[in-house]
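K.L.:
what follows is a predicted structure for the sequence shown.
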Amino acid sequence: MDRRTYVKTGAGVLAGGLLAGCTGGGSGDGGSDSTTESGDSGSDSTETEAATTESVVPSTVVIGSDIPYRPFEYETTSGELTGFDVDIAAAIFEEQLGVDYEFKPTSFDSIIPSLNNNNFRIIMSAMTINDQRAEQVDFSDPYFTAYQTVIVRADGDISSKEDLRGNPVGVQKGTTGAGAAEELKEEFDGELDIKSYDQINGAFQALINGQVNAVINDNTVNAGFANDRDDVVFLEGEGVAAESDQEAPPYLTLTIENYGIAFRQDDDEFRERVNEALAAIREDGTYDEIYSEYFDG
């Protein structure tokens, strides 16, 4: 199977992954046969061990993700699914755990309820770990650090954070970029017009069309858009990264965030296995190789 399998519909593909994630229902019958202590007991033990292993790590891991979200998950011009999260998934599941994986496109503002409704096994979607989400899901160890940033039109009138006051800004629904915009609106005593879009590409297009004067979003995703254009730039200024004595990027930072893989709260054993695999790809250099393919520095 191509390591970048892209599930474009929800039908069919979930059956194998979700059924594989359930324990077998035959333990009651086995328990009633108390006289069986030899003969087939070895095969019963083997089957039980296999069923337990399968329940922890399914043969195919279905991954919920908001697509497109360059450079973390997006389609190439030929229709191939690629991105940082996609390559990290390949390293964790295929190379470390020896199982297949499939991505299922899901709107970001409904992605946690979809996970908890068993529509997929995990979320890998550049998801920031925060307290609000941690009440609904459990997270893996962090695997990426990001910042909320602002991009503006190069020929516009916005050159500082204060210049955003009273202006329309674009965000993606359900993201920490939207949360950062709400915090900025509070800082501006309500003088900020927040426009929400289902996908980040809608906010980017609104910026180009003049429907918003700025977009607040993750630094790497903003960079993936701005670096391909001459008419969009990062809003400069010192922000929380500089204030926290971190090695700050050369533009305004509104937040510092860590990404994690999200799991249902009853999936502790699988989360532990994924954490072990994540540690392994950091240790053997695979993580750094993937990082350098998508990001500078």
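P.N.:
That came through, no problem. Numbering: from 1, shown residues only.

K.L.:
in space, what's closest to the residue most central in space within the chain - neighbours in sequence excluded?
P.N.:
By CA atoms, centre = their mean, the mean C-alpha position of the chain lies nearest to S125, the distance being 1.8 Å. Leaving aside its sequence neighbours, S125 sits nearest to S65 (CB to CB, 6 or more residues apart in numbering; 4.3 Å). Backbone N, C-alpha and C define where each C-beta goes, glycine included.

K.L.:
same deal with A277?
P.N.:
Going by CB to CB, 6+ apart, A277 has Q96 as its nearest residue, at 3.7 Å.

K.L.:
in contact with the one you found, which residues are there?
P.N.:
E276, A277, A280, I281 (CB atoms under 8 Å, 6 or more residues apart in numbering).

K.L.:
make JSON lines from the residues you listed and add distance to D141 to it.
P.N.:
Shown next, in JSON lines, are these (distance: CB to CB, whole Å):
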{"residue": "E276", "distance to D141": "10"}
{"residue": "A277", "distance to D141": "11"}
{"residue": "A280", "distance to D141": "12"}
{"residue": "I281", "distance to D141": "12"}
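
K.L.:
list just the nearest of these to Q205.
P.N.:
I281 (35.2 Å; CB to CB).

K.L.:
isn't the closest one right next to A90, touching?
P.N.:
No - using CB atoms under 8 Å, I281 is not in contact with A90, being 10.0 Å away.

K.L.:
low-confidence stretches in the stretch 151-297 of the chain?
P.N.:
Along the stretch 151-297 of the chain, the parts satisfying pLDDT under 70 run over 245-246, 297.

K.L.:
show me where it has its strands.
P.N.:
Ranges of strands within the stretch 151-297 of the chain are 168-172, 193-197, 214-218, 232-234, 255-259, 262-263, based on DSSP state E, counting those that start in this stretch.

K.L.:
check the stretch 1-150 of the chain too.
P.N.:
Assigned by DSSP E, counting those that start in this stretch, the stretch 1-150 of the chain shows strands spanning 60-65, 74-75, 81-82, 100-105, 122-123, 138-139, 144-153.

K.L.:
for G166, what are its contacts?
P.N.:
For G166, the contact set (CB under 8 Å, 6+ apart) comprises F188, E191, L192, D193.

K.L.:
apart from its neighbours in sequence, what residue is nearest the third one?
P.N.:
Going back to what we said before, that points to L192. Nearest in space to L192, with sequence neighbours left out and distances taken as CB to CB, 6+ apart, is K185 at 3.9 Å.

K.L.:
neighbours of the one you found, how many?
P.N.:
Neighbour count for K185, taken as other CB atoms under 10 Å: 17.
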